[in-house]
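Trainee: show me how the following folds:
(one chain, ligands or ions: 1)
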Amino acid sequence: MATKEKFYLTTPIYYTNGLPHIGHTYTTVVADVIRRYKRMRGYEVVMTTGTDEHGVNVERAANKAGIPESEFVARMAVEWNNLWNELGLTADEFIRTTDLQHVRTVQWLFKLCKENGYVYKGHYTGQYCIYDNAFVNDAKPGDNCPDCGRPTETVTEENYFFKLSAFQKPLLDFYRKNPNFIQPETRKNEIVSFVEGGLKDLSITRTTIRWGIPVPGEEPHVFYVWFDALTAYLSAVGGPEYERRGMWPADLHLVGKDIIRFHAVYWPAFLMAAMLPVPKQVWAHGWFLMDSGKMSKSKGNVVLPRPIANMLGMDALRYFLLREVVFGQDGNFSYDALVTRYNSDLANGLGNLASRTAAMIEKNFTGKMPKPSARQPQDEVLAREAQSAIGEVLERYENMEFARALEAIWGVIAAADKYLSSEQPWALGDSETDTQRKAAVLWTTAELLRIVTVLAHPVLPDSTVKVWSLLGQPASVSGVELDGLRWGQLAAGVQLGKAQALFPRVDKAEAIERIEAMANEEQNPQAAPATAAAAAASTASSGAAASPAPAEKITIEDFAKVEMRVGQILTAERIVGADKLLKLNVDIGTEKRQICAGIAQYYEPEALVGRKVAVVTNLAPRKLRGVESNGMIIAASVGPEGRPVLAGFLEDVEIGARLK
Ligand code: ME8
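Mentor: Okay, here's the model as predicted:
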């Protein structure tokens with residue numbers, strides 16, 4: 001058997017002074033999509049990610065948390081790793097820069113560079129903040145520290161320097177000989193002109209930082225974080241023994257545009273100096289922006305992946321990230337656009353096509369895939385469209401044009417919708433001719449769905465598995481070889497699998513409200529307004545089961561912040577355009593409140609009048625579907641759909657009584 005060609009790809013190793021947001025998720029999702037795609041094309045793939053655990057920022061974050069750095073980074077690495085696992089983004093190797101294997105690799109790389117004459121001892125002079133104990137990059141004498149605002153001082157320290165200047169010509173030659181090394185083209189031009197402008201030697205050790213990998217025999221020197229971090233790509237696949245694993249050099253480093261210089265200039269130079277193989281490609285994508293600005297914790301505009309995955313499913317987030325923005329360019333993130341795409345492309349598009357095709361086969365052919373005997377030219381037109389999409393989609397994936405790949409797949413879905421509308425199999429009768437025609441139309445649609453499912457699998461790994469089993473297909477969709485995919489391979493006679501919910505439609509405003517409530521709870525666990533069940537009751541159940549992470553323990557003082565009282569519902573009415581919400585007027589003893597509750601699908605408004613309920617009364621007012629809601633009604637959230645059941649009292653209670 002021929003051995004498989006290898007493909008090694010990496011995400012950046014992320015800083016552990018914060019938690020993953022949608023930007024980090026983006027890079028990791030793209031890596032995962034490529035991994036799945038390459039496997040389906042027969043490659044042996046290794047994908048790595050990890051955590052960058054050294055440096056001043058981590059040192060500061062640990063100090064702020066009041067725990068030793070080693071404990072702080074261990075906790076953070078667990079958080080990052082857990083989140084990736086939860087999101088289905090488990091890498092093949094997860095490298096931590098505090099791992100012994102990594103420490104050994106950094107020290108080894110340094111030794112090779114030094115032995116080859118590219119490292120020398122010198123003095124580094126820069127602006128230093130004595131309060132933060134750190135050099136301030138790019139600061140001039142007289143500048144203030146950007147972190148604490150205090151004046152910086154000019155400080156000189158002894159460092160080891162890397163002779164980056166010696167690599168100007170080798171790097172430019174390398175870029176010329178490997179024109180695809182830096183992608184996209186615009187980034188390549190930036191880097192080439194940066195290198196053409198001349199390279200200064202780089203200080204690669206520090207004596208002013210404590211939290212780093214020690215330079216052997218040269219304490220207190222520790223390695224500069226980037227010399228340390230970049231080497232993680234090599235330590236993940238064997239370090240000094242990389243040849244044994246056979247994965248190095250990396251085929252693809254995926255990074256954001258912020259760190260392209262480190263990857264396309266410093267990293268190949270370090271490797272050239274050590275006479276080690278250089279990676280084949282660095283691909284720098286753009287930023288996901290929030291309200292057209294960069295996400296940052298201090299601005300409070302960070303989007304978290306978990307609430308979105310809980311509400312809409314991880315496939316929806318993956319689809320959105322890849323479909324919404326041309327890979328390589330910046331794009332804006334908005335919940336509105338996310339939910340719109342979810343409803344239109346996933347619920348109404350793929351989900352609807354799959355469920356109605358299966359339902360028609362179930363109804364007309366007792367769930368057995370029919371044989372396509374009475375074919376007509378329009379079936380062939382659709383077949384040709386799907387067949388030619390296969391080639392196009394593979395080419396798009398190969399060129400990292402994910403949005404275009406998905407566009408092509410969804411073009412085929414739209415063609416199938418059109419085909420069904422014009423063929424109208426549901427309008428055909430039970431005569432032999434009609435039954436044969438129905439068989440041909442439904443087989444054609446199911447075959448198209450099979451092809452779409454295979455092509456979309458790298459992006460939608462969970463839902464395509466469901467469609468695959470719905471179509472009664474053997475083995476796993478991930479095992480299908482993309483290069484062998486052809487129109488006409490769908491066997492007749494197979495029994496369809498059980499129908500499963502794929503992408504239940506959601507009410508946009510409610511979905512956004514719930515995502516935001518979960519994000520708020522995740523970001524401010526102490527300030528969480530009320531229980532998960534209460535949040536579910538106030539914002540309506542959408543059908544997509546939300547399962548927020550279990551809340552951390554709170555103190556009695558925290559609990560005391562939530563004011564709950566007995567209220568009596570005076571009036572209840574439906575809200576036009578929001579089929580899940582009821583507008584209630586509630587007497588809470590001291591005043592009457594307007595409260596919106598997501599219970600309209602389960603409670604008739606008239607039946608609620610006069611009912612006594614438990615109300616959270618000190619919740620900040622907010623708008624639901626444009627209607628002000630001033631409080632929250634407590635309900636249990638029951639079953640996978642989160643059916644709300646209002647909390648009540650077995651004995652008579654006074655209106656306004658406080659719940660404790
Ligand atoms: O730079 N949009 O780590 P980091 C898109 N430890 N991608 C984003 C993003 C956004 N708004 N925000 C972050 C580091 N990213 C170093 C890397 S590698 C040897 C060391 C992604 O935690 C993007 O991939 O700051 C970016 O390059 C990376 O996260 C930066 O992660």
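
Trainee: return the distance of the closest residue to Leu581 other than its chain neighbours relative to Gln594.
Mentor: Leaving aside its sequence neighbours, Leu581 sits nearest to Ile575 (CB to CB, 6 or more residues apart in numbering; 4.7 Å). Every residue, glycine included, has its C-beta placed from N, CA and C. For Ile575, the distance to Gln594 (CB to CB, to the nearest Å) stands at 11 Å.

Trainee: what's the overlap in contacts for the two?
Mentor: Overlap between the contact sets of Ile575 and Gln594, as judged by CB atoms under 8 Å, 6 or more residues apart in numbering, is given by 583, 627.

Trainee: can you get me a residue count around Pro621?
Mentor: Neighbours of Pro621 under the rule other CB atoms under 10 Å: 11.

Trainee: how near is it to Pro249?
Mentor: 58 Å.

Trainee: after the helix or strand Pro644 falls within comes which helix or strand?
Mentor: Under the criterion DSSP states H and E, the helix or strand holding Pro644 is strand 643-646. Per DSSP H and E, the first helix or strand lying C-terminal to strand 643-646 is strand 658-659.

Trainee: show me what that following strand is packed against.
Mentor: strand 564-575 (3 or more CB pairs under 8 Å, 6 or more residues apart in numbering; DSSP states H and E).

Trainee: keeping just the C-alphas, turn the strand it packs on into CSV.
Mentor: Once non-C-alpha atoms are left out, strand 564-575 reads as follows in CSV (Å, rounded to 0.1, in the frame of the first residue of the first chain):
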residue,chain,number,x,y,z
MET,A,564,-37.3,38.1,44.0
ARG,A,565,-40.9,38.8,44.9
VAL,A,566,-44.3,37.3,44.5
GLY,A,567,-46.2,38.9,41.7
GLN,A,568,-49.7,38.5,40.3
ILE,A,569,-50.3,38.6,36.6
LEU,A,570,-53.0,41.2,35.8
THR,A,571,-53.0,41.0,32.0
ALA,A,572,-51.3,38.9,29.4
GLU,A,573,-51.2,39.3,25.7
ARG,A,574,-49.4,38.1,22.6
ILE,A,575,-46.8,40.3,20.9
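
Trainee: got the buried residues for that strand?
Mentor: Within strand 564-575, the residues that count as buried by 16 or more other CB atoms under 10 Å are 564-569, 572, 575.

Trainee: for stretch 513-524, same thing?
Mentor: Buried, per 16+ other CB under 10 Å, within stretch 513-524: 513-515, 517-522.

Trainee: can you give me the mean pLDDT across that stretch?
Mentor: Averaging pLDDT along stretch 513-524 gives 90.

Trainee: distance from the chain centre to it, please.
Mentor: 17 Å (CA atoms, centre = their mean, to the nearest Å).

Trainee: low pLDDT regions in this protein?
Mentor: Residues of the chain meeting the criterion pLDDT under 70: 1-2, 132-133, 292, 296-299, 526-555, 639-641.

Trainee: what does it put close to the ligand?
Mentor: 12-15, 23-24, 26-27, 52, 229-230, 232, 255-256, 258-259, 287-288, 295 (CB under 6 Å from any ligand atom).

Trainee: give me that answer again for 5 Å
Mentor: 12-15, 23-24, 26-27, 52, 229-230, 255-256, 259, 287-288, 295 (CB under 5 Å from any ligand atom).

Trainee: and stretch 346-364, which residues are buried?
Mentor: For stretch 346-364, burial by neighbour count (16+ other CB under 10 Å) applies to 346-347, 349-355, 357-358, 360-361, 364.

Trainee: just stretch 416-434 next, same as before
Mentor: For stretch 416-434, by 16+ other CB under 10 Å, it's 416-417, 419-420, 423, 425, 428.

Trainee: would a markdown table of those residues with secondary structure be doable?
Mentor: A markdown table is the format used below for these (DSSP: H, G, I helix; E, B strand; the rest coil):
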| residue | secondary structure |
| --- | --- |
| Ala416 | helix |
| Asp417 | helix |
| Tyr419 | helix |
| Leu420 | helix |
| Glu423 | helix |
| Pro425 | helix |
| Leu428 | coil |
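
Trainee: Asp143 reaches Thr154, doesn't it?
Mentor: No. If you go by CB atoms under 8 Å, Asp143 and Thr154 don't touch, sitting 10.3 Å apart.

Trainee: quick one: distance of stretch 18-37 to the chain centre.
Mentor: That offset, for stretch 18-37, works out to 5 Å (CA atoms, centre = their mean).

Trainee: and the end-to-end length of stretch 106-123?
Mentor: Using CA to CA, to the nearest Å, the end-to-end distance of stretch 106-123 comes out at 22 Å.

Trainee: for stretch 597-611, same thing?
Mentor: Using CA to CA, the two ends of stretch 597-611 sit 14 Å apart.

Trainee: again with stretch 637-654
Mentor: Criterion CA to CA; first-to-last residue distance in stretch 637-654 is 25 Å.

Trainee: and it, what's buried?
Mentor: Within stretch 637-654, judged by 16+ other CB under 10 Å, the buried ones are 637, 641-644, 646-647.

Trainee: most widely separated two among the residues you listed?
Mentor: By the measure CB to CB, Glu641 and Ala647 form the most distant pair in the buried residues of stretch 637-654, at 18.3 Å.

Trainee: excluding covalently adjacent residues, which one is nearest to Asp417?
Mentor: Nearest residue to Asp417, sequence neighbours excluded (CB to CB, 6+ apart): Leu353, at 6.5 Å.

Trainee: quick one: that neighbour from the ligand, how far?
Mentor: 31 Å (CB to the nearest ligand atom, to the nearest Å).
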